[in-house]
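Q: predicted model follows, preceded by the sequence.
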Amino acid sequence: MKYLLHFFTCAFSMGICIAGFSQCEIKSSVRADGSMFYFVTPLLFYQTATRELKGGVVTDKENYFISLQPRPFPPKPAGRKLKGDIHVLLSNQKTYTLKNYDSRYTKADSVFELVYLLDKKMMDDFANSEVVTVTMQTKNDEAAQVYTFKLHKKVISEQLKCLEDMR
């Protein structure tokens, strides 16, 4: 029953679910500057009637990034002004601060994405631990929001391993 529920969660939240419950279908995109980025489809981590958080791992094969897509998100240009770092609590009880790398609106402005650099010193802990919470500021005039991961807690770890295998 647990696996059936997981399948329906994948199917309804993303319209896609990779067989075996592992997330390893690598996709790529070319940015305006010509650089190539690799990623796995973002998954839903947190959802209530008023807020949600999706995300995943992105790499340029040299650096790794955590990409987060909060909803609701601020309108332009307020979102581009968000430059704050995030705090991530892992299941090993370590808290890390990830530096803001970029913020952008994508897919005809229907998705707002915040991207954070994953320092190489943090890689082992992120690859071997679940994410418990992410604390981030999604609007300049509001207090930081805490997102407790309820869904797909292992996705960051799984995606890191998947993308590292690509090297």
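A: Here it is on my side, so go on.

Q: longest strand anywhere in the chain?
A: Counting residues, the longest strand found in the chain (DSSP state E) is strand 95-106.

Q: could you say what helices and strands that strand packs with?
A: Contacts defined by 3 or more C-beta pairs under 8 Å, 6 or more residues apart in numbering; DSSP states H and E place strand 95-106 against strand 86-90, strand 111-118. Every C-beta, even on glycine, is put in place using the N, C-alpha and C of the backbone.

Q: so which bits of the helix or strand following the last one are buried?
A: In other words, strand 111-118. Using DSSP states H and E, the helix or strand that follows strand 111-118 towards the C-terminus is helix 123-128. Within helix 123-128, the residues scored as buried using 16 or more other C-beta atoms under 10 Å are Phe126, Ala127.

Q: for helix 123-128, packing partners?
A: Judged by 3+ C-beta pairs under 8 Å, 6+ apart, helix 123-128 is in contact with helix 155-165.

Q: any idea of the mean pLDDT for the helix it packs on?
A: When pLDDT is averaged over helix 155-165, the result is 89.

Q: just want the angle from it to strand 111-118.
A: Comparing the axes of helix 155-165 and strand 111-118 via axes from the mean of the first three to the mean of the last three C-alpha atoms, to 10 degrees yields an angle of 70 degrees.

Q: so what touches helix 155-165?
A: For helix 155-165, contacts defined as C-beta atoms under 8 Å, 6 or more residues apart in numbering pick out 22-24, 26, 38-40, 43, 45, 55-57, 59, 64, 66, 123, 126-131.

Q: any idea how far that helix is from the chain center?
A: Put simply, helix 155-165 sits 12 Å off its chain's centre (C-alpha atoms, centre = their mean, to the nearest Å).

Q: angle of that helix against strand 86-90?
A: Relative orientation of helix 155-165 versus strand 86-90 (the same axes, to 10 degrees): 90 degrees.

Q: list the buried ones in helix 155-165?
A: Neighbour-count burial for helix 155-165, counted by 16+ other C-beta under 10 Å, picks out Val155, Ile156, Ser157, Glu158, Gln159, Leu160, Lys161, Cys162, Leu163.

Q: what about stretch 65-80, how long is it end to end?
A: End-to-end distance for stretch 65-80, by C-alpha to C-alpha, to the nearest Å: 18 Å.

Q: stretch 47-60 too?
A: Using C-alpha to C-alpha, the end-to-end distance of stretch 47-60 comes out at 29 Å.

Q: mind listing what's buried in that stretch?
A: Buried, per 16+ other C-beta under 10 Å, within stretch 47-60: Glu52, Leu53, Lys54, Gly55, Gly56, Val57, Val58, Thr59.
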